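Predicted model and sequence below, questions to follow.
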Amino acid sequence: MNALLPDNEAARLAALSECNILDTPVEKAFDDITHLAAYICGTPIALISLLDAERQWFKSKVGLDVAQTPRDIAFCAYAIKPNDILIVPDALADSRFANNPLVTSDPYIRFYAGVPLVTPEGHILGTLCVIDYVPRELTPKQIEALLTLGHQASTQIQLGCNLAALERATFERRRAEEALSQANTQLTNRVKELEQRNLEIMLLSEMSDFLQACLSVEEAKKVIVKLTQLLFPAFDGGVLLKSSTKNLVETVTTWGKVTSTKTFKPCECWALRRSRVHWVQDIEHGMRCQHFLGSPKPAQSLCVPMLAQDEALGLLYLSAQDFGKITTANRRLARTVAEQIALALANIKLRENLRNQSIRDPLTNLFNRRYLEESLEREMNRAKRKQQPIGIIMLDVDHFKQFNDKFGHDAGDAVLKAVAQFLQKHTRQSDIACRYGGEEFTLILPEASLDVLKQRAEQLRQGIKKLSIYHGQNLLGKITISLGIACFPDQGVTGEQVMKAADTALYRAKAEGRDLVAIAS
């Protein structure tokens, strides 16, 4: 198998060499990406593969023991051609790969999907790929996620290049101190500049570590507030993020003389409109944005969009009162900071989405049975420590099958959604509402005694009877529910016992005529 060389092979190899990444130790940031790629795509193997003149070398690998393979048999050699993604559903059915040693012998590759890792200059250094031992396809969402992770891997490589450049600047400072010992004025200015670069390296590393450890966007905002001002102390500025509706840009933090109305529309910023850095060297004569005019008006301004998979998540803004103050190095640092923040936010949102998908019922958006079991064990342990009760309410929509048969499954789904919305609206923040299965729902009520439980269950029964549920333009019939309640420690000393007692009470409520609350004996 001889893949043709890219037209820009010499420039590509030079760009790879400048990144100084080949044969470097394992890094957690890259391993996180490959583990996430394998998890999302459900494959046993995921690799970040870099292609030099003679070999493909794996910067990160999941499910594979070797560190490199010859270039002439590498799937990556095809994937680094300028396509969005290379997908080989069945290597044995593909004439390019059917006789490849990696297909016909260990590791017996049958499926391959690779996303090119592209530098800002357009050089393709390698791929993020997933591999399986059986033929298969990827879903559109898996392809989208793999493209996102590939962009993140490319960004991580570029961040390493920027940090390597700063480290080289530090080395140059040491040489300058030895060679220019008598040029005191020039040396002092150089030392100050390089000390600033060292501080930037430290703060960039600290920001990266903290952002990667954040579990939510709100946590990330706190890190951003503390560290961005330290990175740009000589400038006025601000960090902003798009709202959840994406039609407004909201201020996270500002410093210096920057003034803001807290929100503005994305169309008011040239950087967000064009998804590229907008640098105004002279505010009087340049194409200035309508936001952050400041008082007094600045001499220069810089807007850097925070991009993740070509989508602007927010904006880093800097301004200066004096001409020439925002240098090329400052602009480069601002771009690096914006990339770091965007990468972290994209990772956090991806993790949050995956977490929600694993614990939420897709129809009702209530917690699912898996989360119910985890939460019940946690709440039981807490209740035992504090010697407090826990209430369980199990409820079932009466005659749901007959209703489903009469009005159709879409109408049945509308009923389940309406009941779920009612439960979410009429439960405390500490309560846990779950879809147990089918038309059954379960509520966990921490610190609720049996008397409180009876009162809450009756309120739910009466409230749901009053619901007006529409399917299309049609008003559906009245909905009733049956409920069974049980309480720890009165009806059981383990979560399983209390759940079983509530379930038994629910069946008794249905047997006794439905539309009532039954208490576990």
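The structure has been received and is ready for your questions.

what's the burial count for the residue nearest to Arg288 when sequence neighbours are not counted?
For Arg288, the nearest residue in space outside its immediate sequence neighbours is Val280; the separation is 5.2 Å by C-beta to C-beta, 6 or more residues apart in numbering. Where C-beta positions appear, they are placed from N, C-alpha and C, glycine not excepted. Taking other C-beta atoms under 10 Å as the criterion, the count of residues near Val280 is 20.

Same question for Glu284.
8.

what's the answer for Glu144, then?
The number of residues packed near Glu144 is 13, by other C-beta under 10 Å.

What backbone torsions are found at it?
Backbone torsions for Glu144, taken as degrees, to the nearest 10, come to phi -60, psi -40.

With Ser154 as the reference, measure out to it.
Note on Glu144: its distance to Ser154, by C-beta to C-beta, to the nearest Å, is 16 Å.

With Gln491 instead?
When C-beta to C-beta is applied, the distance between Gln491 and Ser154 equals 57 Å.

Kindly report the same for Leu423.
Here Leu423 is placed at a distance of 44 Å from Ser154 (C-beta to C-beta).

can you check Pro25 too?
Separation of Pro25 from Ser154 (C-beta to C-beta): 20 Å.

Could you do His285 as well?
When C-beta to C-beta is the yardstick, His285 and Ser154 sit 36 Å from each other.

Looking at these two, which one has more neighbours?
Each of His285 and Ser154 has its neighbours counted (other C-beta under 10 Å); Ser154 has more, 20 against 8.

Give the burial count for the closest residue in space to that one that isn't next to it in sequence, as a bare number.
Once flanking residues are discounted, Ser154 sits nearest to Leu117: 4.7 Å by C-beta to C-beta, 6+ apart. Residues contacting Leu117 under the criterion other C-beta under 10 Å number 28.

quick one: which helix or strand includes Leu117?
Counting by DSSP states H and E, the element that carries Leu117 is strand 111-118.

if we can go back for a sec, who touches the residue nearest to Arg288 in this structure?
Contacts for Val280 were tallied using C-beta atoms under 8 Å, 6 or more residues apart in numbering; they are Gly286, Met287, Arg288, Cys289, Gln300, Ser301, Leu302.

Most neighbours out of those residues, which is it?
Within these, Ser301 tops the neighbour count with 28 neighbours, counted by other C-beta under 10 Å.

Give the next helix or strand downstream of the helix or strand where it lies.
Under the criterion DSSP H and E, the helix or strand holding Ser301 is strand 300-308. Sequence order places strand 311-320 as the next helix or strand after strand 300-308, per DSSP H and E.

Give me the helices and strands touching that following strand, please.
Identification of packing neighbours for strand 311-320 by 3 or more C-beta pairs under 8 Å, 6 or more residues apart in numbering; DSSP states H and E yields strand 236-242, strand 249-255, helix 270-274, strand 300-308, helix 328-359.

How about the contacts made by Asp84?
The contact partners of Asp84, taken as C-beta under 8 Å, 6+ apart, are Val115, Pro116, Leu147.

can you redo those as JSON lines with distance to Leu5, pLDDT and neighbour count?
Listed next are these as JSON lines, based on distance: C-beta to C-beta, whole Å; pLDDT from 0 to 100; neighbours: other C-beta atoms under 10 Å:
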{"residue": "Val115", "distance to Leu5": "20", "pLDDT": "94", "neighbour count": "26"}
{"residue": "Pro116", "distance to Leu5": "15", "pLDDT": "93", "neighbour count": "23"}
{"residue": "Leu147", "distance to Leu5": "25", "pLDDT": "92", "neighbour count": "17"}
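
strands paired with the helix-or-strand element of the chain with minimal mean pLDDT, and their directions?
Across the helices and strands of the chain, the lowest-confidence element by mean pLDDT, DSSP states H and E is strand 474-475, at a mean of 72. According to DSSP bridges, the neighbouring strands of strand 474-475, each with its direction, are strand 470-471 (antiparallel).

I'd like the mean pLDDT over the strand it pairs with, please.
On average, the pLDDT along strand 470-471 is 76.

pretty sure Arg435 contacts Leu363?
Yes - with contact defined as C-beta atoms under 8 Å, Arg435 counts as touching Leu363 (7.5 Å).

shared neighbours, the two?
Common contacts of Arg435 and Leu363 (C-beta under 8 Å, 6+ apart): Leu416.

Looking at those two now, which is surrounded by more residues?
Shown here are Arg435 and Leu363; by other C-beta under 10 Å, Arg435 has more neighbours (24 against 11).

Contact partners for the more buried one?
Asp361, Leu363, Thr364, Leu366, Phe367, Asn368, Arg369, Leu416, Ala420, Phe441.

Would you mind checking those for buried ones?
Among these, the ones that count as buried by 16 or more other C-beta atoms under 10 Å are Asp361, Thr364, Leu366, Phe367, Asn368, Leu416, Ala420, Phe441.

residues near the closest residue to the fourth one other than its chain neighbours, how many?
When the adjacent residues along the chain are set aside, Phe367 lies closest to Cys434, with 4.4 Å between them (C-beta to C-beta, 6+ apart). By other C-beta under 10 Å, 26 other residues sit near Cys434.

what's the answer for the one 10 residues further on, then?
One way to gauge burial is a neighbour count; for Ile444, by other C-beta under 10 Å, it gives 25.

I'd guessed it sits against Ser375; true?
Yes - counting by C-beta under 8 Å, Ile444 does reach Ser375; the two are 6.1 Å apart.

quick one: low-confidence ranges for the stretch 151-300 of the chain?
189, 259-262, 292-295 (pLDDT under 70).

Can you report how many residues lie near Asp310?
8.

ok, now which ones touch it?
Ser275.

could you measure it against Val118, distance?
Applying C-beta to C-beta, the value for Asp310 to Val118 is 12 Å.

how far away is the spatially most distant residue from the centre of the chain from Ala176?
Note on the chain: the largest C-alpha distance from the chain mean falls to Gln182, namely 52.5 Å (C-alpha atoms, centre = their mean). Gln182 sits 12 Å away from Ala176, going by C-beta to C-beta.

just Asn162 next, same as before
Using C-beta to C-beta, one obtains 21 Å as the distance from Asn162 to Ala176.

any idea what Gly122 is structurally, helix, strand or coil?
Following DSSP: H, G, I helix; E, B strand; the rest coil, Gly122 is assigned to coil.

Could you pull up the residues touching it?
Taking C-beta under 8 Å, 6+ apart as the definition of contact, the neighbours of Gly122 are Asn8.
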